[in-house]
Structures are given as C-alpha cells and as structure tokens.
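1. would you be able to build a 3D model of this:
(3 chains)
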Amino acid sequence: MKLGIVVNEGPYQHQASDSAYLFAKAAIEKGHEVWRVFFYHDGVNNASKLTEPPQDDRHIVNRWTKLAEDHKVDLVVCVAAALRRGIKEENLAQGFRISGLGQLVEAGIKCDRVVTFGD
Amino acid sequence: MSDAKKFMFVNRKAPYGTIYALESLEVVLITAAFDQDVSLAFLDDGVYQLKKGQQTKGIETKNFSPAYRALEDYDIEKLYVEKEAMDARGLTEDDFLVPVTVLSRAEMGKLMDEQDVVLSF
Amino acid sequence: MLHIINQSPLNSSTLDSCLNTATGGEILLIEDAVYAATRGNAAEAKLRAAMGKFKVYVLTPDLDARGLGDRVVEGVSSVDYGGFVDLVSNSKNCQSWL
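-> From the prediction side, this is the model:
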C-alpha cells in the first residue's frame, strides 16, 4: 500500500515526529511504500541541518535523512511554512526538499492512506 | 471530475492563539486548484474561525478571516459547522462570515466516514 | 474509519469530540491519549461505554514509556507500530483528531 505521512510539529518539542518516524519504519518493514512525508506547520523544523541534540539522545533529523536514503522516501518541507520559520535551502538537511503545498494535496490524491501526526 | 477524491479539512482550533487555522486555510486554497471534492468541517473551537468582525490590529497580526469569503471564488462551497459546537459557544449562523451548512454530530460523523482523505491541523 | 487520538483525556476534549461525533469504527490511542486506556483514569467509564460502538486499541510503546503498561483497561487491544500500520491499511480511511 502507498502511504503518505504528514508531520505538523517540530522535533523534540512534541512526540509527533517520533511517532511519524516509527510508523514510517514499521510500514516499510511490513512491505508498504512510504511515498511521501510532508512537513508542515512547525514540522518544517525537522529539516534543519543545524540541529544538534545531546549525544545520548536520538538525532531526529538524521534519522529522517537515513530513512529517505535507505528507502527512497520523499521528504517534502512546505515552502511557505518553512520560510516563516527560517528553514531555507542553506540550512536544509540532506534528503529533504522544499516545495509547495500542492505536494501535500498530491500525496492525498496518489496515496492509499494519509496519516497525520501533530498536536 | 469522476476520479476526484473526497478531501475533508477538519478544523478544531481557534484562530490566532495558534497558527493552525491560518495554515489550514492555505492548504484548502491550494487543494481547490486540484479539482478534488473539497469540504471543510468546523468542530469544537474551530467554529470560532468563522466569527464575523475579527479585528486584529491590536495584536499586530494579519486578519485572515476575509479569506473564508474568497473560498466561494475557488468553488469551495461545502462548509459544515457542527451544531453542538456552535451552540456550546453561544454562536448562531448569523455570527459567521460566510454561509455554512449546520450539521448535527451524527450527520457530521457520517460525512467524515464518506471521505477519502481527512486532514486535520 | 480509524480514529487516531493523541491527547490526554483529562487535558483535552479531543477524545470526547471523537466519541460524540464519530459514527463508529476503530479508535487508536497514541502518545498522551494512552492514559485514557488505563484503569482508574477518570476517562475509564467513558471509554468502556464507547466500546459498544468502537473497537479500541492502544499503542503499547507509548503506554510502556509512561509506566502504565500493566494497567490497560480490559477490552482494549494492545498494538505495536506494526499493528498501527495494519489498522491504517485495514481501515477504509483514517483521521487524526488534532
């Protein structure tokens, strides 16, 4: 099954990004395709390559990057939400791309299910 | 368009206190360009988004409520308000910026079941 | 329809809204909503009453993280993330009550 995921909260502040990641990983393990993860609202902060958590904590941003690399997951950051919050190409982590809200609508059209994680 | 999907945007949050209402509206406007079957549902504090007479000068924030009036120009005409939520907030249809369809909880629940994609922010 | 809830029932009206509005189907409690599925929580009676209309699931890793893995209300089914994925794929549609 083709799955879309929406992440509406930033990393560390809220569990949403962790839940979304663990859901995505489990879906891939079960043979589903995670077609796109769309980061919206404060969720765009998941794409900041300036993120430096303490060494004994999970690295949420790098975890997404690795998922994208290992499983060709399309990580899309909403441009309007990103610009509002200072996320730009110059501080965008690897594996993410910045694009428009149309990418979210497209995920709704193309995917069999869309699951939203937020506050 | 026969292969259009049914998209529902569920709004349960009040405007200004958080950005969700504004950014939800931005998605709705974009969705209109994709020729899908779009409806908006207002539940709980989400009904406050539609309140007439929003004056945001004092909080130095953009008043985005006029955009709800623009929805019609984008052929988005399915705006549903849950009656119980409206009543609980002392509001009536006359308080809203735009014409809406008022549904009971049961009717709203049924409508949700019929959707292909439900997005809530 | 699968209804996903992530807020504590004592801190937010989200669970109430879902129970009042949704016509039935499955409810999955994740994140802080897992407290609703624990014995002795003030929401227990409400959740039990809803079980006629909904099949209720709780995400075990979230429950365990909060130290309440041994206190699940009878009749609530425990799932891991794989079970979460199955619930999504087996339901016609889903909705997160944010």
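2. which parts of the chain are helices?
-> This is for chain A. For chain A, the helices defined by DSSP state H occupy A:16-29, A:60-71, A:79-84, A:102-110.
3. my bad, the chain I had in mind was chain B
-> B:20-32, B:66-70, B:83-88, B:105-113.
4. so which of the ones you listed is the most surrounded?
-> helix B:20-32 (a mean of 21; mean count of other Cβ atoms under 10 Å in any protein chain shown). Quick note: C-beta positions are derived from backbone N, CA and C, even for glycine.
5. thinking again about what came up before, Throw the helices of chain B into CSV and include mean pLDDT and distance to chain C, thanks.
-> Shown next, in CSV, are the helices of chain B (pLDDT from 0 to 100; distance: least, Cβ to the nearest Cβ, whole Å):
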stretch, mean pLDDT, distance to chain C
helix B:20-32, 94, 8
helix B:66-70, 95, 20
helix B:83-88, 98, 7
helix B:105-113, 98, 4
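6. how about the ones you listed, which one is nearest residue A:61?
-> helix B:20-32 (21.3 Å; Cβ to Cβ).
7. and that closest one, is it in reach of chain A?
-> Yes. Using Cβ under 8 Å from any Cβ of the partner chain, we find that helix B:20-32 touches chain A at B:20, B:23, B:26-27, B:30-31.
8. ok, the residue of chain A found nearest chain C to residue B:117 distance?
-> The nearest approach of chain A to chain C comes at residue A:26, 3.6 Å away (Cβ to the nearest Cβ). With distances taken as Cβ to Cβ, to the nearest Å, residue A:26 is found 21 Å from residue B:117.
9. which one of these two has more residues nearby?
-> Legend: neighbour count by other Cβ atoms under 10 Å in any protein chain shown for residue A:26 and residue B:117, higher for residue B:117 (26 against 17).
10. can you name the residues bridging to the closest residue to residue B:118 other than its chain neighbours?
-> Counting by Cβ to Cβ, 6 or more residues apart in numbering or on different chains, residue B:118 lies nearest to residue C:95, which is 4.0 Å off, once chain neighbours are set aside. Beta-bridge pairing of residue C:95 under DSSP bridges involves residue C:3.
11. confidence score at residue C:95?
-> Residue C:95 is assigned a predicted lDDT (pLDDT) of 98.
12. does it touch residue C:5 like I think?
-> No. With contacts counted by Cβ atoms under 8 Å, residue C:95 stays clear of residue C:5, the gap being 9.9 Å.
13. how about the residues of chain C by chain B?
-> Proximity of chain C to chain B (Cβ under 8 Å from any Cβ) is limited to residues C:1, C:13-14, C:17, C:20-23, C:25, C:93-98.
14. may I see the ChimeraX selection of the buried members of these?
-> The ChimeraX selection below is limited to those of these classed as buried (16 or more other Cβ atoms under 10 Å in any protein chain shown):
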select /C:1,14,17,20,21,22,23,25,93,94,95,96,97,98
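15. nearest to residue A:22 among the residues of chain C next to chain B?
-> For those, the nearest to residue A:22 is residue C:96 (15.1 Å; Cβ to Cβ).
16. ok, now which ones touch that closest one?
-> A:115-118, B:120, C:4, C:6 (Cβ atoms under 8 Å, 6 or more residues apart in numbering or on different chains).
17. who's in contact with residue 98?
-> Assuming you mean chain A. A:47, A:76-79, A:82, A:87-89, A:92.
18. my bad, chain C
-> A:8, A:116, A:118-119, B:12-13, B:20, B:120-121, C:6, C:14.
19. and the gap between residue A:5 and residue C:62?
-> Per Cβ to Cβ, residue A:5 is found 17 Å from residue C:62.
20. buried sites along stretch C:3-19?
-> Those would be C:3-9, C:12, C:14-15, C:17-19, for stretch C:3-19 by 16+ other Cβ under 10 Å.
21. next, give phi and psi for residue C:8.
-> Here is the backbone geometry of residue C:8 (degrees, to the nearest 10): phi -60, psi 140.
22. ok, the residue lying closest to residue C:7 once chain neighbours are set aside to residue A:28 distance?
-> Leaving aside its chain neighbours, residue C:7 sits nearest to residue C:14 (4.3 Å; criterion: Cβ to Cβ, 6+ apart). Residue C:14 sits 29 Å away from residue A:28, going by Cβ to Cβ.
23. got the contact list for the nearest residue to residue B:66 once chain neighbours are set aside?
-> Nearest residue to residue B:66, sequence neighbours excluded (Cβ to Cβ, 6+ apart): residue B:97, at 7.8 Å. Residues in contact with residue B:97 (Cβ under 8 Å, 6+ apart) are B:50-52, B:65-66, B:68-69.
24. pull the number of nearby residues for the closest residue to residue A:100 other than its chain neighbours.
-> Nearest residue to residue A:100 in three dimensions, chain neighbours excluded: residue A:79, at 5.6 Å (Cβ to Cβ, 6+ apart). Using other Cβ under 10 Å, residue A:79 is surrounded by 17 other residues.
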